[in-house]
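Student: Here is a sequence with its predicted model. Questions after.
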Amino acid sequence: MPEFRGTEQYNLDDKGRLMIPARFRKKMTNDKPGTALVLVKTPRGNMELYEQESWREQQKKLDQLSDFNPEDRRLKTYIYANLDEVELDKSGRISLPKRFLEECGITKEVTLVGAENKIELWNPDRLREFLNRPPEEFETLTQRVLG
C-alpha cells in the first residue's frame, strides 16, 4: 500500500487536468501512462484519489453493506453516483470531471493532501474551513484514535 504523506498546492491547467506531484507518483504502485485510478467525490465537498489496489479495500467494505438496509443502500448509491475512473497521462496528470470540480468548488487551485492510502483533493478555502473547526468537535475522536 502506498504511504502518501504531506500537502501540496497545484493549479489545474486550462483543460481541467491536475498534475500529480512527483513525490506522490513515486509512491504509486504503477505511475505509467494509462494507469487507472479511482476518484470519489465525498460528502465533505472534496475528492479522494485511490490506486486500484487501495480502492479494492474500500470496495470490500462497501460489499459488506446490505442492499436491504435503506441507509446502507443509500450510502452505496451515493458513493457509486460520485465515483469515476481517471487515467494518468504521459505527463503525470489526470483529468478531473467537470461536475466534481463544480460541486467541490475547485476552479483553479487545488490542495492535495497525502492521506496514507489515498490523496485528498480540496478547494484550499474549504480545506482551511474544515481544518479550522473548533477543536472540541475533534476531541472525542482524537481520544478514541490516539488514546
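Tutor: Right, received. Where do you want to start?

Student: This structure: helices as residue ranges?
Tutor: 22-25, 52-63, 70-81, 98-103, 124-131, 136-146 (DSSP state H).

Student: Can you dump the C-alpha atoms of the first one in CSV for me?
Tutor: Provided in CSV are the C-alpha atoms of helix 22-25 (Å, rounded to 0.1, in the frame of the first residue of the first chain):
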residue,chain,number,x,y,z
ALA,A,22,6.2,13.6,-8.3
ARG,A,23,6.6,12.7,-4.7
PHE,A,24,3.1,11.1,-4.7
ARG,A,25,3.7,9.4,-8.1
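
Student: Could you list the low-confidence segments of this protein?
Tutor: In the prediction, the chain carries residues with pLDDT under 70 at positions 1, 134-147.

Student: list the contacts for the residue nearest the centre of the chain?
Tutor: Of all residues in the chain, the one closest to the mean position by C-alpha atoms, centre = their mean is residue 48, 0.7 Å from it. Applying C-beta atoms under 8 Å, 6 or more residues apart in numbering, we find residue 48 in contact with 39, 40, 42, 115, 118, 119, 120, 121. Using the backbone N, CA and C atoms, a C-beta is placed for each residue, glycine as well.

Student: mind running it again at 7 Å?
Tutor: For residue 48, the contacting residues are 40, 42, 118, 120, by C-beta atoms under 7 Å, 6 or more residues apart in numbering.
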